[in-house]
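In: Dropping a prediction and its sequence here:
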Amino acid sequence: MKPRIILLSLCMALIAQPLIAQQPEKPLNKQQILELLAGGVTSLRATELVKQRGVDFLADDDYLQAVRKAGGSKSLIAAVQEASSAATSELIVDTSPGADIQLDGAHQGRADAQGQLTLMAKLGPHNLEVFLAGKKNFTVSVTMAGGEPTRIVAQLMDAPGSLRVQTSAGADVALDNTSRGSADSSGQLLLPDVSPGQHALRVSTKGKVDELRTITVTPGVETQVEVVLRDRLRVNPKDGLEYAWIPAGTFVMGCSPGDSECADPEKPAHQVTLSQAFWIGQTEVSVGAYKRFVDAAKAKMPPVSPRQDKGWKDDNMPIVDVTWDEARQYCVWAGGRLPSEAEWEYAARGGSSAARYGDLNAIAWFKDNSGRQTHEVGAKAPNGFGLIDTLGNVWEWVNDWYDPAYYPHSPSQDPPGPDQGQERVLRGGSWIEDPRLLRASDRYSNRPNVRSDFFGFRCARGTDDP
C-alpha cells in the first residue's frame, strides 16, 4: 500500500471513529491534525473534528505555522487555538490519605484512603498545594503537557511543633544539649519550630537540681511541659543537717589519670555506673547532730572526746571516735544509710576526674595546715556537687567490707562491695595525714569496732527516703 493510501485510510478512520464506537472520543494530538490535512481532509472537516473532540496539547506559534503550511485555514487555526486553551489532561496526586488538594488556590478535593486524588487540569503551568493537619504544606509548580497523565508524588513531612516550658524564672533550658534560652520572669519559655519526636530536655538554675527528661513534641501543635526544680541542698528534719543531691551517672572509679601515688588497691581504674540518684550529707556528721541522735534514740556519746573538744562542747565539730556500727545506727535513725564505697567516691569527686577536686589547702584539712586537730565542718571550699570535707578533716566510714583485690572483679553497675570481710572501708583522709593520702581514689580500712579521733562519717539517703 502506498503512503498516500495509508494516510487516507488513517484519515477515514479518524473521521468515522464516532460512528464505529460508542466510547468517549479522545482529543486529537498534534500529529493527527497534520495527518488529516496531509490525507486530503478539508480544513472545514478538520475544523469540525477539532471542535468536536478537542486537542490534548498546547498550540505554540511553531505548531500553528506547521498547520498553516499543511494547508490549514484560518478557521482551523482559530479552532486549534481555542481548543488548546481549553485542553485538559489528567493529573494524579499521590499523597497522605485525607490530605486536602488545591490547584491554583481552588480546592480540588481530598485524597482517598489510598492517598490518591485524580483530577483534570488545563494544559499549562499550575501551582499545586497539598495540606494536612500536623504536616508541612507541600507546594510544587507543575506543567500539564497533555498526552499521558501527569503524576505528582506529594510526600508530606511532619510539621514542626513548639515547646512551652514552665519552670523557675531565669532557669536555662537546653534541648538536645543545646541551650535555647532562659525562662522569663513568669517562668515561661516558648521554643518554636521544634522537630517532631523525642528530645532530651534539660532545665537548670543555680542552687537547684538539674532536671533531665525525655519529651515528645507533637507535629504542628504546642507541647507544654512543667518542670519543678528541686533544691540542690535540703535539710534532713531528723538530724538537722543539709544533704546534697547527687544525680545518677557514670564515672571512672579508682586511680585517677596522671596520679603517680596510687597504690595497688586503687587499681585498675574502672568505669562504674550508679543507676539511682541519691542524697548525701553536705558535711560530715557534726557533734550537734549526733547529740540529737543520742537524745532521740537513747544512745550514748562516744566514751572519749577528742582533746580539742573536751566534753563535746562544740556542736559544729565533726563527730569522731564512733565505731562503724554506731555510724550505721545513726544513719538509719536519720532515715538513710552509710554510702557504698562507689557512691562515696562518685560524690567526693564532684564531677572531677582528677585526684583532687581543687587546691588541697583550699579544700581540705590535713597534716600541713590543720594544726594537728579536727576543724569545724563546712569551713573549706565545696566540690562540684556542693560537698565539703570529702578530703581531709576526718576519715569517713562507708558501708563496704574491705577487699584490696575487689576492683578487678567489681560489678560495673551499682557495686555493693564484698559480701564479707574483716575490716570496713574508710575514705577521704584526715587532719593527721600526709597529702599523698588525700586523694579521691585512696582506700583505707580498719576493724569496724575501732574508735579514733580522726574517724567520722556522713550519711546517704535514697530519693524516696522520708
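Out: Sure, I can see it.

In: give me the low-pLDDT residue ranges for the stretch 151-300 of the chain?
Out: Counting by pLDDT under 70, the stretch 151-300 of the chain contains no low-confidence range.

In: go on, the stretch 1-150 of the chain?
Out: Judged by pLDDT under 70, the stretches of the stretch 1-150 of the chain that qualify are 1-24.

In: Show me the helices in it, by range?
Out: 3-20, 30-38, 43-53, 61-69, 74-86 (DSSP state H, counting those that start in this stretch).

In: How about the stretch 201-350 of the chain?
Out: For the stretch 201-350 of the chain, the helices defined by DSSP H, counting those that start in this stretch cover 287-297, 324-333, 341-349.

In: So for residue 124, which of those sits nearest?
Out: For the helices of the stretch 201-350 of the chain, proximity to residue 124 was assessed by CB to CB; helix 341-349 is nearest, at 71.1 Å. For every residue, glycine as well, the C-beta is placed using N, CA and C.

In: Now that closest one: buried residues?
Out: Within helix 341-349, the residues that qualify as buried by neighbour count (16 or more other CB atoms under 10 Å) are 341-349.

In: Residues touching stretch 439-449, excluding its own?
Out: Surrounding stretch 439-449, the residues in contact under the criterion CB atoms under 8 Å, 6 or more residues apart in numbering are 253-256, 259, 261-263, 265-266, 269, 323-325, 341, 345, 348-349, 352, 354-357, 390-391, 395, 402, 404, 422-429, 437, 452, 455.

In: ok, now with 7 Å
Out: Taking contacts as CB atoms under 7 Å, 6 or more residues apart in numbering, the residues outside stretch 439-449 that touch it are 254-256, 259, 261-262, 265-266, 323-325, 345, 348-349, 355-356, 395, 402, 422-427, 429.

In: With residue 276 as the reference, measure out to the residue nearest to residue 280 when sequence neighbours are not counted.
Out: Distances taken as CB to CB, 6 or more residues apart in numbering put residue 460 closest to residue 280, at 4.6 Å, once the chain neighbours are dropped. Note on residue 460: its distance to residue 276, by CB to CB, to the nearest Å, is 11 Å.

In: winner for burial among the helices of the stretch 201-350 of the chain?
Out: Between the helices of the stretch 201-350 of the chain, helix 341-349 has the highest mean count of neighbours, a mean of 25, where neighbours are mean count of other CB atoms under 10 Å.

In: so how far is it off the chain centroid?
Out: 27 Å (CA atoms, centre = their mean, to the nearest Å).

In: just how off-centre is stretch 61-73 within its chain?
Out: Between the mean C-alpha position of stretch 61-73 and that of its chain there is a distance of 67 Å (CA atoms, centre = their mean).

In: buried ones in that stretch?
Out: Neighbour counts over stretch 61-73 (16+ other CB under 10 Å) mark 63-64, 66-67, 70, 72-73 as buried.

In: residues in contact with it?
Out: Counting contacts by CB under 7 Å, 6+ apart, the residues outside stretch 61-73 that touch it are 30, 33-34, 37-38, 43, 46, 76-77, 80.

In: which residues does residue 91 bridge with?
Out: In this structure, residue 91 has the following beta-bridge partners (DSSP bridges): residue 119, residue 150.

In: Tally up the residues packed near it, please.
Out: Residue 91 is flanked by 21 other residues according to other CB atoms under 10 Å.

In: With residue 433 instead?
Out: 22.

In: Confirm that it sits in a helix.
Out: No. With DSSP: H, G, I helix; E, B strand; the rest coil as the criterion, residue 433 is assigned coil and is not in a helix.

In: For it, list the residues it contacts.
Out: For residue 433, the residues meeting the contact criterion (CB under 7 Å, 6+ apart) are 366-367.

In: Could you report the pLDDT at it?
Out: Among the per-residue scores, residue 433 shows a pLDDT of 97.

In: what's the distance between it and residue 365?
Out: Relative to residue 365, residue 433 is positioned 10 Å away (CB to CB).

In: got it, and residue 48?
Out: Residue 48 sits 112 Å away from residue 365, going by CB to CB.

In: From the neighbour counts alone, determine which of these two ranks first.
Out: Set side by side, residue 48 and residue 365 show unequal neighbour counts under other CB under 10 Å, the larger going to residue 365 at 28 against 16.

In: Surely that one touches residue 375?
Out: Yes. Judged on CB atoms under 7 Å, residue 365 makes contact with residue 375 at a distance of 5.0 Å.
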